[in-house]
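In: Let's see this in three dimensions:
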Amino acid sequence: MLKNYLKIAFRNLLKNKGFSFINILGLSVGMASAILILLWIQNEVGYDKFHEKSDRIYEAWNRDTFSNKLQCWNTTPKVLARTLERDMPEVEQVTRVDWRRSYLFSIGEKRLTVKGNLVDSNFFNTFTFPLIKGDPNTVLKDMYSIVLTESLAKSFFGNEEPMGKIVRIDNRDNLTVTGIMKDLPNNTRFNFEYVIPWAFLRKTGGDDQSWGNNSTRNYVLLKKNASIASANNNIRYIRKKYNRNWDDKGEMFLYPISRWRLYSKFTNGKEDGGLIDFVKMFAIIAAFILLIACFNFMNLSTARSEKRSKEVGIRKVVGASKGSLVRQFLGESILIAFIAGVFALLIVQLTLPAFGTLTDKKLYLDYGNIYFWFVFIGFILLTGIIAGSYPAFYLSAFKPVTVLKGMFSKSRSIISPRKILVVLQFTFAIILIICTAIVKEQIDHARNRETGYDKNNLIYHFVNGDLEKNYPLVRNELLASGAATSVVKTSAPITEGWSDSWGFQWEGKAPDDKTDFDRFAADDKLSAAFGLQFVKGRDFDLKQYPTDSTGIILNESAVKTMNFKDPIGKIVKDDNINWHVVGVIKDFILQSPFYPTKPMCIEGAKAGFFNVMHIKLNNKNTTADNLKRAEIIFKKYNPQYPFDYKFIDEDYAAKFKSEERTGTLAALFAGLTIFISCLGLFGLAAYMAESRVKEIGIRKVLGASVTGIAALLSKDFIGLVMISFLFASPVAWWFMHKWLENYPYHISINWWVFAMAATLSILIALLTVSYHAIRAATANPVKSLRTE
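Out: Here you go, the predicted model:
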C-alpha cells in the first residue's frame, strides 16, 4: 500500500510540474526562513545556560529612586563580595568581574591590545568555562598569573606550548600563563580573551573599599538548597549597615542567571520584559512564514481539486475508505515537505553565514547531533501534516456519485476557505511592510536629530602608556604639524557616558533630590574640538584663567534642574571639590539618540580622571595625510603602543546598530513573506486562467477588450488584498505603537505609511496575477472554444 501511495505521489508531482515547483519552492523558502529564525531563538534562549551551577548563580543588583523614578542596575561596590561571603549564610562564594580592561600585550616583537577581565580566583569554580590546561582551583591563585583562551594562545605562541610562558602587559608587568581555556561560546554575556586575578587589580591600585562606587559586577553562588527569598531579605539593606550615609530607599537584590539575557528590562523597579519580547515576536514571524507556505499548498491543492475528483470517486467506488484517502493525500504532502526540507537545509547552509553576520551571531547546524535529526524529521512531518490536512479532508469528502456524473461544483460563495487563506497571507505580509517602514522612519528620526557637536574630522585615542606624561608634547606637536586644529583630553569619548552621579550639591538643592547627572571631564578648550554651543559664559581656558582647573560647565538641562537663574559663578560641589560655573552649553547627545539628554556637568582639569584624547583633524589636509602625521608623533612619544584611533562619526553611527538590525530583519522577512504569498497567488492565477478559458473565449467573441478581461480576472485578487490591508492596518498600528513606547524620543505614526503599504501590496498583487490575466485575455478564442 505504501509503495502504491508513493508511486501515485511521484506521478502527480511529475504530471503537474509547474504546481509542484511552486509548492516545493514555497515550502522550501518558508521552512528555511523558519529554521534560520529558530536557530537565532535557540541561541538567545540558551544564553549562559551551559554553566553547571546556573541554577545557583545570581548577580547582585541595585535598586533606588533617581529623578523620581525607581531604577535598577547591575553594578555594585567591589567591597560587596567579601561582605556577602562573611555575613550571609546562604552564600557559598562571590566572584567579582571587572570587564572594562584592555591591556597592551608584548610577546617578543608582537604588540597586541586585547580585551580581558579581572576576576576573583574562584571564577572557574563558579562559571563553567572549561580549561584545556590548568587546574580551576589554583589557576588564578598567583597575582601574576593569566589564563588565555585557546585562540589568543595560538595568536601569541603559534604551535608552541603556552603553559609557563611569560607575557608582558602595558610594558610594565610580567605575567605567567597558568591556564588555557576553550574559546567562549557565542551565547554568553561574557566577552574576553583572557582573565587576570583580582589581586593584580589590587596591586595596581584599581581596588577600593568604597560603598559608593558602583563599578563592579558581583556574581553570587548560593549554597545548595539555599532560599533565594531569605538571601534577598538579607542582602536588601546590607549597604546601609556599612554605609550610614546611604539613603533608606536604596536596596540590593539578587537576579538569577536564567533571566539575565531575556528579562532584564526594568520599569519603575519591576521586571518588564526585555529581549524576550523580540524572541516571542520572531517566533511568531517564523510560525506565520511557515503557515503562509502551508497555505500556498492548501490553496493550490484545493484549487486543482477538480482534476482529482474522478480519481477520488473511482477509489471510493472500488472500496477505498475516507481514512485511506486522507492517509494517501497526507502522504503526498509529507513527501513534498520532505523534498522541500532537503532544499530548505541547502538554503539554510548557503545563507547561514550572511544571516549570522546580520544578527551578529555565530549560528550553525549541528549535523553530528542525533537530536538535530529527530527535530528536523519532526519539523518536516509537522509541516507536511499542516500543509496537507485541509486538502486531504477536503478531497476525501467528495461524493462518488456526484463527481463521476461530472457534476463537480465550484465554490462561488463570497467567503471560502481559499479566500480566507489568501487574506491571512497578505495580512501578515502587509503588517511586516508597515512595521518595516515605521522602524526605518524611527531610525531616520533619531539619526537626523541634532547631536549638539560636530562629529566630522574628529577622532579619539585612549591615554595609555607614556601618553599621560607626554601629553603636552604630543598635543603641541599635533598642532604644530598641521595634523590637528585642536586637541582636548577628556574622561571618556564624547559618544559615551562612563560616569554619573547623584551626589552633586548646590545652593537651594532639596534634601531629598536624587537627580542623576552625567559626569564628564575635560582639561581645556572643548569648543574648538567639539563645536559645542555656549549659551552663557565661556569655555575652559587654562592659559588665560588658571582657576578654570576647578571650573565646571553645565548643560541647559542641568541649569534647569539646579534652578539657577544666573548660573555663572555659582558653586557646585562634587567629591569634596567646589567647582565654579564658567559656562552653559546647549544639550548634546552623550549616550542614546533615542532618549532625552540628561542633566550634565563637565568638570575641569582638577577632575584628574582623563582616559581619552580627542583630536580635531585639519580639514585642509586629507584624512590619510593627517593620520600619517599623527602616527609619527604617537610613535615618537609612545613607542610601545600602536596608534589605535577611532572616528567619532563611526562610533555615533554604531548607536543605531540594534535598531537597524531590527529594521533589516523586518524588511527581510517581509520580503520573504511577500515572495511566498505571491508564489501562491501566481499559481492561483494560473489555475483561474486555465479553468475560465472558455468563458474568456466567449467574452472575446462577444466583443470584450483585453483590458476588460484582464481587469475581470484580477479584480477578485485585488479585492482580497484590500481586505487584507483593512485587517493588517490596526494590528500593525498597535504593534508599532507599543514598540515606539520604548523610545521617549520617537515619531508619530503617519497615515502615509499605511497608504504606501496599501499601494505597494496592490501593485505587487497586480504584477503577480497580470501575467496570467493578460496571457488569457490575449489568447485566440478559436482555440479555446473548439471542441475536443
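
In: Where do the strands of the stretch 401-550 of the chain begin and end?
Out: Assigned by DSSP state E, counting those that start in this stretch, the strands in the stretch 401-550 of the chain fall at 458-462, 484-490, 500-501, 505-506, 517-521, 534-537.

In: in the stretch 201-350 of the chain, which spans are helices?
Out: 228-235, 238-242, 260-263, 275-303, 305-317, 322-359 (DSSP state H, counting those that start in this stretch).

In: which one of these lies closest to residue 140?
Out: Of all the helices of the stretch 201-350 of the chain, the one in closest proximity to residue 140, counting by Cβ to Cβ, is helix 260-263 (23.0 Å). Yep, even glycine has a C-beta here, placed from its N, CA and C like the rest.

In: Could I get the average pLDDT for the closest one?
Out: On average, the pLDDT along helix 260-263 is 90.

In: That one - contacts with which helices or strands?
Out: In this structure, helix 260-263 makes packing contacts with helix 17-45, helix 275-303, judged by 3 or more Cβ pairs under 8 Å, 6 or more residues apart in numbering; DSSP states H and E.

In: possible to save those helices as JSON lines with mean pLDDT, mean neighbour count and distance to residue 386?
Out: Converted to JSON lines, the helices and strands packed on helix 260-263 look like this (pLDDT from 0 to 100; neighbours: other Cβ atoms under 10 Å; distance: least, Cβ to Cβ, whole Å):
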{"stretch": "helix 17-45", "mean pLDDT": "88", "mean neighbour count": "21", "distance to residue 386": "10"}
{"stretch": "helix 275-303", "mean pLDDT": "84", "mean neighbour count": "21", "distance to residue 386": "5"}
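
In: Helix or strand for residue 85, just tell me which one.
Out: helix 80-87 (DSSP states H and E).

In: what angle do that helix and helix 228-235 make?
Out: Counting by axes from the mean of the first three to the mean of the last three Cα atoms, to 10 degrees, helix 80-87 lies at 110 degrees to helix 228-235.

In: list the helices and strands helix 80-87 packs on?
Out: Applying 3+ Cβ pairs under 8 Å, 6+ apart, one finds that helix 80-87 contacts strand 91-107, strand 217-222, helix 238-242.

In: Compare those and give me the one nearest residue 760.
Out: Closest of the helices and strands packed on helix 80-87 to residue 760 is strand 91-107, at 45.3 Å (criterion: Cβ to Cβ).

In: tell me which strands and helices the closest one is in contact with?
Out: helix 80-87, strand 110-119, helix 123-126, helix 150-157, strand 166-169, helix 198-203, strand 217-222.

In: could you dump the ones you listed to CSV with mean neighbour count and mean pLDDT?
Out: Conversion of those to CSV gives the following (neighbours: other Cβ atoms under 10 Å; pLDDT from 0 to 100):
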stretch, mean neighbour count, mean pLDDT
helix 80-87, 17, 95
strand 110-119, 18, 91
helix 123-126, 21, 96
helix 150-157, 18, 94
strand 166-169, 18, 93
helix 198-203, 18, 93
strand 217-222, 22, 97
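
In: which one of the ones you listed lies closest to residue 237?
Out: Closest approach to residue 237 among the helices and strands packed on strand 91-107 (Cβ to Cβ): helix 80-87, 11.6 Å.

In: contact partners of the closest one?
Out: Outside helix 80-87, the residues that touch it by Cβ atoms under 8 Å, 6 or more residues apart in numbering are 60, 91, 93-96, 120, 216, 218, 220, 234-235, 238, 242, 252.

In: least reliable of the strands of the stretch 401-550 of the chain going by mean pLDDT?
Out: Mean pLDDT across the strands of the stretch 401-550 of the chain is lowest at strand 500-501; the value there is a mean of 86.
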